[in-house]
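J.: can't give you the sequence, but here's the structure:
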């Protein structure tokens, strides 16, 4: 096991077009009195250890750490952890020499990490408690490339060959399901699970696929205009997918089974690929890694507008949203980087020694309980103590029984962060200006603090 530590480079603030906020009465007057309305996106990148060639997927564990597969071509394979609190990489070696590309990664309910080994026809499990790695052989020629785990603990595997596999880790047995027409000669590129169904992209024939584990039936949607590569789901269960050769984002409406395609603003040069890895955030905004022209794009499904952010000349290919809705991405090219993008849209943010990242849906329905997640990070020059965070709960919103507006966090080391969760029920419609404040005491006795304001809209 190898551990390497890196410091984040100085953040670069990129300003985008402010999202129009519709407000009424005193809320409108209050917002207009603020010094500025900001929608800031902070992008930072850190180099991945140079001997690693990362795979094409990321997963997030219960501690908000990132995991991905990697390999040194023709030599060996790795499982890589990035500790988001301390900014360190830890590398675990796989057992099989030269397992080929380690493209897929998934995490089970015990936080064990599973990856695919394409050339070795195996999947591997890392026990995060002991650090031990185990490998399990699959049917010869399967060439596994993607992986997901259902609520029962079954492991579903997408293959370079025309099938998906169901693997039972308790009995170490597999069941193969071959793709029928019109995708009998296809592959299962990206595979994820939603509402008990196994979804996958089928890039050879330009389809999205769905498999029902109960009926063992396949359904296909398409063909679409170009190669389907990656997919993710919004809160309604709709399927979003990327089409790299034409830099397009696609939507499969799960209700009426219609497909809509949205072209990204950037124009590709011949031979380039655009929209690649992707993720849907808590607001149902869709984030896309543009391999070319080296940008991260955000698509607002309500306004049908893309906003693009430059990634400092690196090519993003993998993209993942973490537990607090921060967007992480992996780049390729002359050097490999792990990037971080704070996607939260604030009305106002003031930080001095502490940082705050807030993850909350911007539109809520009356009677609905929603989860508010807040990350508090120590960016002071020394450890802090007596750290507390206070949420201002507006009239028309109530906390879950037993929860307090003020939470004691205690000591926090330099660069360390803590995640706080509140559960809130909206009881009255309207537009609310929400507020969070956190304070702590530095080793020299000085107080450090952060204040954040953001908007929540409650509808009937």
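T.: The structure has been received and is ready for your questions. The shown structure was predicted, so the numbers you read here are calculated from the model rather than taken from an experiment. Residues are numbered from 1 along each chain as shown.
J.: C-alpha from now on. contacts and neighbour counts both.
T.: Noted.
J.: any idea how many residues pack against residue 407?
T.: Residue 407 has 16 neighbours, counted by other Cα atoms under 10 Å.
J.: Provide a list of residues in contact with it.
T.: 388, 389, 390, 420 (Cα atoms under 8 Å, 6 or more residues apart in numbering).
J.: by neighbour count, which of those wins?
T.: Of these, with other Cα under 10 Å as the count, residue 389 tops at 21 neighbours.
J.: now do the helices in this protein.
T.: 25-32 (DSSP state H).
J.: find the least confident helix or strand in it, judged by mean pLDDT.
T.: Ranked by mean pLDDT, DSSP states H and E, the weakest helix or strand in the chain is strand 12-15, scoring a mean of 22.
J.: could you give the bridge partners of the residue nearest in space to the middle of the chain?
T.: Central residue check for the chain by Cα atoms, centre = their mean: the C-alpha nearest the mean position is that of residue 321, 1.7 Å away. Here residue 321 sits in beta bridges with residue 327, going by DSSP bridges.
J.: ok, residue 353 next?
T.: Per DSSP bridges, the residues bridged to residue 353 are residue 449.
J.: tell me who's in contact with it.
T.: Residue 353 touches 378, 379, 380, 381, 448, 449, 450, counting by Cα under 8 Å, 6+ apart.
J.: excluding chain neighbours, what is closest to the third one?
T.: If you skip the residues right next to it in sequence, residue 380 has residue 353 as its closest partner in space, 4.3 Å away by Cα to Cα, 6 or more residues apart in numbering.
J.: contacts only, for residue 354.
T.: Neighbour list for residue 354: 376, 377, 378, 379, 380, 438, 439, 448, 449, 450 [criterion: Cα under 8 Å, 6+ apart].
J.: which non-adjacent residue is nearest it?
T.: residue 378 (4.9 Å).
J.: and the gap between residue 371 and residue 320?
T.: 19 Å (Cα to Cα, to the nearest Å).
J.: neighbour count: these two, which is higher?
T.: Using other Cα under 10 Å as the criterion, residue 371 and residue 320 rank with residue 320 on top: 25 against 15.
J.: now, the most widely separated pair of the contacts of residue 353?
T.: Maximum pairwise distance among the contacts of residue 353 (Cα to Cα): 15.2 Å, between 381 and 450.
J.: looking at those two, which is more packed in?
T.: Ranked by neighbour count (other Cα under 10 Å), residue 381 and residue 450 place residue 450 first, with 20 against 12.
J.: drop anything exposed from the contacts of residue 353.
T.: Neighbour counting over those (16 or more other Cα atoms under 10 Å) leaves 378, 379, 380, 448, 449, 450 as the buried ones.
J.: hang on, the last one packs against residue 391?
T.: No. In this structure, residue 450 sits apart from residue 391 without contact. The criterion is Cα atoms under 8 Å, and the distance is 11.9 Å.
J.: name the residues contacting each of those two.
T.: Residues touching both residue 450 and residue 391 (Cα under 8 Å, 6+ apart) are residue 437.
J.: which stretches of this structure have low pLDDT?
T.: Under the criterion pLDDT under 70, the flagged ranges of the chain are 1-41, 74, 343-344.
J.: again, only this time at 50
T.: 2-39 (pLDDT under 50).
J.: domains for it, by residue range?
T.: 2-10+39-342, 348-459 (automatic domain parsing).
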